[in-house]
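Engineer: Here you go, sequence then predicted model.
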Amino acid sequence: QRQLPDTATETTGPAPGSAPAPEQCAGAVLDSLCMTATATEPACVAPAVCGGPTAAPMQNCSLQAQKAAFLTQAQQKKPRRSEEPAHAPAKRARVEADNASQQQAADIPAQQQQVPSDAQGSGKVPEAIEHTLPPGATVEEVEEEEADFIDFDPLLFIKSLPPLEQVVPKQRQVILPKKPRHCKQKTLVLDLDETLVHSSLEAVSSSDFTFPVHFNNQEHVIHVKQRPHLHTFMNRVAELFEVVVFTASQKIYAEKLLNIIDPTRKLIKHRIFRDSCVIWDGNYVKDLTVLGRDLRSTLIVDNSPQAFGFQVDNGVPIESWYDDEADEELLKMLPFLEGLVDAEDVRLPIQRKFRMRELIEKAV
């Protein structure tokens, strides 16, 4: 797995225990700004040749860097039929949870039986963006790069993760202020890209809004589509939880986007960005202990299971969303989240429903 570039000046760099990111090559602007928790898309591996933040022309890059930059231009690649899409583990977790709901009922205390089942959704992965070969690259080389990206298994990644204490300092600084004593709400952590919204550099007539981002001495227009029922979902969870958005995207992008979704900051209490992620084996992992909240009262909803790899029992997977207007995953998730409000330990019903540890154990 390879780590994507992180060159914006407004972020403070990766968290302790992580390696510095390589510089940006041409063709990876949105991948560098906005991404899900995985950093597995190919990135420029020759910053000295490519010129790093200045985004030198493609012809000045090495062959390997040209291929990498070229491949990142296709943001969403359609998996081959023999392989599963990136959101498959989330779907598989929900399917197994639904299939096992009857067997689980006898083991769940009466108060937990009120937690409704979360039905399987209909996530959609868009068609691959058509492209031609970069200069000097063969079909075999490009297919090998694509296969490396497609073959990524988040469950296998989680299985290979070392213990948290071996990755980050024991005394890692807490980034959120202390919760007021009168606040008894649990903490709901939400991912941003492909969980709540989908962003693109390509102009689309169906985008809900656009905004500019100045990056690498250029101004780029970001086109954003909101996941169906986003506002209904956000207004409801804001009543029930201390809501935190924890994104692997850069602050210069995510802050502007969130200012549009939540201009008065009444829905989202705290915003956390890429510089607070832990980079491990080219992936951005969101360590929940950095929040300074009791893990018994903290949960995270993310379309990338590897994002909550250090605290799988707190993770609620959701299918990646790109453009399906019929998607109802946010609405379907509300009853389950509502049922967690009075749970003594949110990890118990999450374990019973999604069985992430069982799925991780089966990963090969």
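Structural biologist: Arrived safely. Numbers count the residues shown, from 1 in each chain.
Engineer: quick one: secondary structure of Glu202?
Structural biologist: Here Glu202 is recorded as coil under DSSP: H, G, I helix; E, B strand; the rest coil.
Engineer: what's it in contact with, if anything?
Structural biologist: Applying C-beta atoms under 8 Å, 6 or more residues apart in numbering to Glu202 gives the contacts His223. Placement of C-beta: from N, CA and C, glycine included.
Engineer: State the distance from it to Leu230.
Structural biologist: As judged by C-beta to C-beta, to the nearest Å, Glu202 and Leu230 stand 21 Å apart.
Engineer: again with Pro163
Structural biologist: Look at Pro163 and Leu230: by C-beta to C-beta, they are 36 Å apart.
Engineer: same check, this time on Val285
Structural biologist: Using C-beta to C-beta, Val285 is found at 25 Å from Leu230.
Engineer: and the two? which has more neighbours close in?
Structural biologist: Comparing Val285 with Leu230 by other C-beta atoms under 10 Å, the one with more neighbours is Val285, at 29 against 17.
Engineer: ok, the more buried one touching Ala307?
Structural biologist: Yes. Val285 is within contact range of Ala307, at 6.3 Å (criterion: C-beta atoms under 8 Å).
Engineer: In the beta-sheet assignment, what are the partners of Ile222?
Structural biologist: Counting by DSSP bridges, Ile222 is bridged to Phe211.
Engineer: mind checking pLDDT for it?
Structural biologist: Looking at Ile222, its pLDDT reads 97.
Engineer: Burial check on Ala307, number of neighbours?
Structural biologist: Neighbour count of Ala307, defined by other C-beta under 10 Å: 30.
Engineer: part of a helix, is it?
Structural biologist: Yes. Assignment of Ala307 by three-state DSSP places it within a helix.
Engineer: Look up how far Phe233 lies from it.
Structural biologist: 19 Å.
Engineer: Report the secondary structure state of the residue nearest to Val290 when sequence neighbours are not counted.
Structural biologist: The spatial neighbour of Val290 that comes closest, neighbours along the chain excluded (C-beta to C-beta, 6 or more residues apart in numbering), is Ile175 at 5.5 Å. Here Ile175 is recorded as coil under three-state DSSP.
Engineer: In contact with Ile175, which residues?
Structural biologist: Taking C-beta under 8 Å, 6+ apart, we find Ile175 in contact with 272, 276, 290-292.
Engineer: per-residue pLDDT, the residue nearest to Lys186 when sequence neighbours are not counted?
Structural biologist: Closest residue to Lys186 apart from its sequence neighbours, by C-beta to C-beta, 6+ apart: Ser297 at 4.2 Å. Ser297 carries a pLDDT score of 98 in this model.
Engineer: Would you map the helices across the stretch 251-364 of the chain?
Structural biologist: Taking DSSP state H, counting those that start in this stretch as the test, the helices found in the stretch 251-364 of the chain are 251-261, 329-340, 347-354, 356-362.
Engineer: So the residue nearest to Val290 versus Pro349, what's the distance?
Structural biologist: 27 Å.
Engineer: for Ile158, same thing?
Structural biologist: Going from Ile158 to Pro349 by C-beta to C-beta gives 20 Å.
Engineer: between these two, who's got more neighbours?
Structural biologist: It is Ile158, of Ile158 and Pro349, that has more neighbours when counted by other C-beta under 10 Å, with 24 against 21.
Engineer: What residues of the helix or strand that contains that one count as buried?
Structural biologist: Following DSSP states H and E, one finds Ile158 within helix 154-160. For helix 154-160, a neighbour-count test (16 or more other C-beta atoms under 10 Å) marks 154-155, 157-159 as buried.
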